[in-house]
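1. Quick one, what's the 3D model for this:
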Amino acid sequence: MSNFIVRKMSGQCSHEHIAGEVPPPPPPPPPSSVIRINAPVGNASPNRRDDVETIQSSLNEVPRDQGGPRVPLKVDGICGPRTKDAIQVFQVKQFGWKYADMKVEPGKQTIARLNEIAGSSVAGPPLPTVDVEVVDTAAEEAFKRLMTEHLERARRCIRAAQFDITRALPAVDQPD
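-> Below is the predicted model of the structure:
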């Protein structure tokens, strides 16, 4: 693991290697960002395993707000209902219901749009991940206050119901 000196200068961070350290090698070149398939994938299609895997991986790269799957697809090369549904969700989001045929075909609009969206996100090296917990204490406190008020009201309702049941028991226990 390399050691770095981090300095903040004029609003930007830069890093330098500590003397004697060998800088890390440059990252490998990014993979080809062009999504290609040889045969259609989806509804009433040949669904070749390698093409299906390509589409599954590509759909997983699409942000959810742009029609990506709610749950990442299993990249298994099987074009089952989840893969077809993911294709349809993507098409509806991108083109509307009229053009949602649950099929991705070479050279047509769905694969072109996948290349615009997912292909562009595949082009660069992966970004580092950082675990950060963001806590909005004001919102958290407001939520706790609201829940406490609801809890107190629920307790009062339960006590009132218990009181009504207690009052009703003598009448219920009498023979007809």
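2. Okay, now the unreliable bits of the protein?
-> Flagging of the chain using pLDDT under 70 yields the residue ranges 1-33, 119-136, 172, 176.
3. where do the helices sit along it?
-> Here the chain has its helices, by DSSP state H, at 49-61, 81-95, 109-114, 120-122, 137-173.
4. Relative to Asn43, which of these is closest?
-> helix 81-95 (5.7 Å; C-beta to C-beta). (Each C-beta comes from the backbone N, C-alpha and C, glycine too.)
5. Quick check, Ser45 in contact with Cys79.
-> Yes. Counting by C-beta atoms under 8 Å, Ser45 does reach Cys79; the two are 7.2 Å apart.
6. neighbour-wise, which of these two wins?
-> Here Ser45 and Cys79 are compared on neighbour count by other C-beta atoms under 10 Å; more neighbours surround Cys79, at 26 against 20.
7. For that one, which residues are in contact?
-> Residues near Cys79 by C-beta atoms under 8 Å, 6 or more residues apart in numbering: 41-42, 45, 47, 52, 55.
8. Could you do Gln109 as well?
-> 95, 99.
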